[in-house]
Structures are given as structure tokens and as C-alpha cells.
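Trainee: Please find the sequence and the predicted model below.
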Amino acid sequence: MSLSTHVLDAALGRPAAGVPVTLCRSSNGGWESLGAGVTDADGRLRHFGGTEDEVELRRGIHRLDFDTGSYFASTGQTGFYPHVSVAFQVTTPDMHHHVPLLLSPFAYSTYRGS
């Protein structure tokens, strides 16, 4: 099972490099951190443990937390959303899951990618 994300800055028309992202799993009424990373020059993050190892996703609810406030500050933008959380449900753990984020200072959207 693998997980990836891709963050695009719609306002600047380019990938959002340097966005800190944390992966969590719903556990016992709270959230358990599974790993974290930073988007690369192409706005992508494929490894949430800082290594080439895959993070184990089990059936259930997971969440990606994007630190958009630090990204906006680094690009000289002032954003309305300093933090974006995207929760998603894993029903087939052996599939690849891709969660893109389209970002601008005053809006964001996401969808299930491939």
C-alpha cells in the first residue's frame, strides 16, 4: 500500500514546494501520527517517514494535515487558511491512494487522485 500527495499553488500557477504535511490515523477517538514530510520541488510527497519505506495504511479513517500557513509565508502570500486537513477513508489497503490539494490563499479543493 502506498500513499502520495501533490500540492499545486493555483494562485502562482506552479507546484507548492516546501509544504509540511503530517499523516495521521483515527485511533481510539483521537489521531495517531504515522509520519510527516515536506513536498518536493514538484509539490509532491511520497514518503511520510523520511525514508523510502511505505507507511502502512489499514482500513479506516486517515488524515493529511497541510501546514499551508508556513507555505504562504515562504512565498510572500497572506492566506486565509493557515492549515488544511483532509480526512479520507481507506477501504482497500492494498491499493495506492493519492490525495491532491489545489491551493490558493482564499480557497482550496481536493479529490481522490490515481
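Mentor: Structure received.

Trainee: Just the local confidence number for the residue lying farthest from the centre of the chain, please.
Mentor: Centroid-distance maximum for the chain: Asn28 at 22.3 Å, with C-alpha atoms, centre = their mean. At Asn28, the model reports a pLDDT of 90.

Trainee: so what's the backbone phi/psi at it?
Mentor: Main-chain torsions, Asn28, degrees, to the nearest 10: phi 50, psi 40.

Trainee: what residues are up against it?
Mentor: Contacts for Asn28 were tallied using C-beta atoms under 8 Å, 6 or more residues apart in numbering; there are none. C-beta coordinates here come from the backbone N, C-alpha and C atoms, glycine included.

Trainee: I'd like to know how far it sits from His6.
Mentor: 31 Å (C-beta to C-beta, to the nearest Å).

Trainee: How about Ala73?
Mentor: Applying C-beta to C-beta to Ala73 and His6 gives a distance of 21 Å.

Trainee: now Gly29
Mentor: 31 Å.

Trainee: Show me which of those two is the more surrounded one.
Mentor: Remark: of Gly29 and His6, His6 carries more neighbours, 19 against 5, as counted by other C-beta atoms under 10 Å.

Trainee: end to end, how far does stretch 76-92 reach?
Mentor: 40 Å (C-alpha to C-alpha, to the nearest Å).

Trainee: change the start of the numbering to 39 and stick with it
Mentor: Taking 39 as the first residue, the last one we looked at is stretch 114-130.
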